[in-house]
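K.L.:
the sequence and its predicted three-dimensional model are supplied below.
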Amino acid sequence: MPTIPVTNKFSVQPRISSTITASELRVTFSASDAGLGYAKVLSDSSAGIIDVVTLNEIPSMEVFCTTGSVAVKLSSPLPALVAPGRSNHFTAVQTVVGSPTTSGAQLSFSVPVAGYAWAVAVKSENVASLTTMILTTGSGTICSMQLVAITAGSNLLTLSGCDFEASVKYSVVTYVTNAGSGDDGTVSPPVNIFIQSSNGFQVQPYLVDVPTASDVKANFRTTSAGGWVWGAIVSMDNYSYVTIDGLKNGDMMFLCQSGKVNADDIRDVLMAITGCNLPAGVEFKLFTYTEGIGDHNDGVLAAPVTVMVPTSNSFLCPVTMVGDASTDGVTLKYETAMVSGKVWGQILKKGHSHLLSLDNVKTMAYAVGGANCMMQGPAVGRGTNPNMASFTQCALTRSETYQARH
């Protein structure tokens, strides 16, 4: 079978050289000789085209668009995925200009059509959950930029009002449309933001003395000598609300604070937090934060340290009832941790139990019955057998629910 000579060929194979939109795409190639060429955009189902004749015979209804010239050499098919959106797209992908700060970043990108832009910042692990609704409302994001006018060509926008933490990975995503500001725009690939911390901890904070009701002492060592450290004690109810600004500038939810302490990268530094009023046996958290001298909130927040003022005595096991209760009272069995100490106890109605505190347990504020139905601080000791406490003359009412509290 005779071979028909090829009159032209590709010296550089065709490639898609633009963002593919619903209306157009650009194809770039080089040919060995001057001549004519054309391109057609087909669906994936037409990928079996193997020669020029077959390509030319495809019905026009199956051709999305074409250049209209005469083909002289058939190239390999190029996969073409239309970019999300129709009204605007990125001709230069988004980049971060300069160094981001803890409060924001500058964004640069180019678009072919004037219109509007939206941008949001989230932690990098949350990028996959972003939707057009979130991008255009900023809901649940760290910071956002909404409905900002953009021009055809290059644009430089500022994303501000953020609260980025050093050493945490964030991502910025931008959405652009034409002047219609509809849902037919294009979402940018995420751009990563990472702020290097100005200081950190070589040695994480640790307690150096047993905490007391008024004082908590901790040691630490930072990665840089230039900078500061702040510490504060907070209750378990509030510890999830601690912020860097609160640690540096004070917050009413803190029970006591260290103030500004010099950082040191050579030796462990003692941080003394005084003026506390911590009840014994209750768990608290110590938060410690360090940064450099620039006051940019670009430091590191240490892992919280559990703080608990030890009690002077405790029960080795739960208090239990001996036998059955009667209208006259009840007998209880208990065992203390310390060899000697004092015990207070009372019988009260169950509905009053939520009102008890350490103080009114000792004052018998909600106790029922007379003096024989109370334990008002008698000396007790730990022996080989558990202690017994008899509550009598309590005048308990049948079918009423009571509690014994020590």
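P.N.:
Noted; the coordinates are in hand.

K.L.:
so, low pLDDT: which residues of the stretch 301-406 of the chain?
P.N.:
Within the stretch 301-406 of the chain, the set of residues satisfying pLDDT under 70 comprises 379, 381-384.

K.L.:
can you find the helix or strand of this structure with the lowest average pLDDT?
P.N.:
strand 65-66 (a mean of 63; mean pLDDT, DSSP states H and E).

K.L.:
okay, domains of the chain per the record?
P.N.:
Dividing the chain into domains by automatic domain parsing, as the record does, gives the ranges 1-82, 92-194, 201-308, 320-405.

K.L.:
can you put those domains in a markdown table and add mean neighbour count and distance to residue 314?
P.N.:
Any C-beta I mention is one placed from the backbone N, CA and C, and that applies to glycine too. As requested, the domains of the chain are arranged in a markdown table below (neighbours: other CB atoms under 10 Å; distance: least, CB to CB, whole Å):
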| stretch | mean neighbour count | distance to residue 314 |
| --- | --- | --- |
| domain 1-82 | 12 | 68 |
| domain 92-194 | 17 | 39 |
| domain 201-308 | 17 | 8 |
| domain 320-405 | 14 | 5 |
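
K.L.:
weakest of the ones you listed by average pLDDT?
P.N.:
In terms of average pLDDT, domain 1-82 trails the rest of the domains of the chain, at a mean of 63.

K.L.:
what are the boundaries of the helices in this protein?
P.N.:
In the chain, the segments counted as helices under DSSP state H are 52-56, 132-137, 244-249, 358-362.

K.L.:
which ones are touching the residue nearest to the spatial centre of the chain?
P.N.:
Note on the chain: the residue nearest the mean C-alpha position is residue 123, at 6.9 Å, using CA atoms, centre = their mean. Shown here is residue 123, whose contacts under the criterion CB atoms under 8 Å, 6 or more residues apart in numbering are 142, 168, 169, 170, 171.

K.L.:
nearest to residue 362 among these?
P.N.:
When these are ranked by distance to residue 362 (CB to CB), residue 168 comes first, at 47.8 Å.

K.L.:
which residues does the closest one contact?
P.N.:
By CB under 8 Å, 6+ apart, the residues touching residue 168 are 123, 194, 195.

K.L.:
any idea which of those is closest to residue 9?
P.N.:
Checking these against residue 9 with CB to CB, the nearest one is residue 194 at 47.7 Å.

K.L.:
identify the bridge partners of that closest one.
P.N.:
Using DSSP bridges, the beta-bridge partners of residue 194 come out as residue 169.

K.L.:
hang on, isn't it packed against residue 165?
P.N.:
No: here residue 194 does not reach residue 165: they are 10.5 Å apart, not a contact under CB atoms under 8 Å.

K.L.:
picking up where we left off before, turn the contacts of residue 123 into JSON lines, columns for distance to residue 241.
P.N.:
Written out in JSON lines, the entries for the contacts of residue 123 read as follows (distance: CB to CB, whole Å):
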{"residue": "142", "distance to residue 241": "17"}
{"residue": "168", "distance to residue 241": "18"}
{"residue": "169", "distance to residue 241": "23"}
{"residue": "170", "distance to residue 241": "21"}
{"residue": "171", "distance to residue 241": "25"}
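
K.L.:
which one of those residues is nearest to residue 93?
P.N.:
Checking the contacts of residue 123 against residue 93 by CB to CB gives residue 171 as the nearest, at 13.8 Å.

K.L.:
distance-wise, check that closest one relative to residue 119.
P.N.:
For residue 171, the distance to residue 119 (CB to CB, to the nearest Å) stands at 11 Å.

K.L.:
give the contact list for residue 198.
P.N.:
Residue 198 makes contact with 166, 224, 227, 291, 292, 293, 294, 296, 298, 299 under the criterion CB under 8 Å, 6+ apart.

K.L.:
so which of the residues you listed sit within strands?
P.N.:
Using DSSP state E, the members of the contacts of residue 198 that fall within strands are residue 291.

K.L.:
quick check: the farthest pair among the contacts of residue 123?
P.N.:
Farthest apart among these - using CB to CB - are 142 and 169, which lie 12.0 Å from each other.

K.L.:
spatially nearest residue to residue 338, not counting backbone neighbours?
P.N.:
residue 313 (4.4 Å; CB to CB, 6 or more residues apart in numbering).

K.L.:
that neighbour touches residue 337, doesn't it?
P.N.:
Yes: taking CB under 8 Å as the definition, residue 313 is a contact partner of residue 337 at 6.0 Å.

K.L.:
okay, and the common contacts of these two?
P.N.:
When CB under 8 Å, 6+ apart defines a contact, no residue borders residue 313 and residue 337 alike.

K.L.:
residue 348 touches residue 366, doesn't it?
P.N.:
Yes: taking contacts as CB under 8 Å, residue 348 lies within contact range of residue 366: 4.4 Å.

K.L.:
now do the shared contacts for the two.
P.N.:
A shared contact of residue 348 and residue 366, defined by CB under 8 Å, 6+ apart, is any residue touching both; here these are residue 356.

K.L.:
over to residue 364: give its phi and psi.
P.N.:
Comment: the main-chain dihedrals of residue 364 come out as phi 60, psi 40, following degrees, to the nearest 10.

K.L.:
show me the contacts for it.
P.N.:
Listed by CB under 8 Å, 6+ apart, the contact partners of residue 364 are 344, 346, 374, 376.
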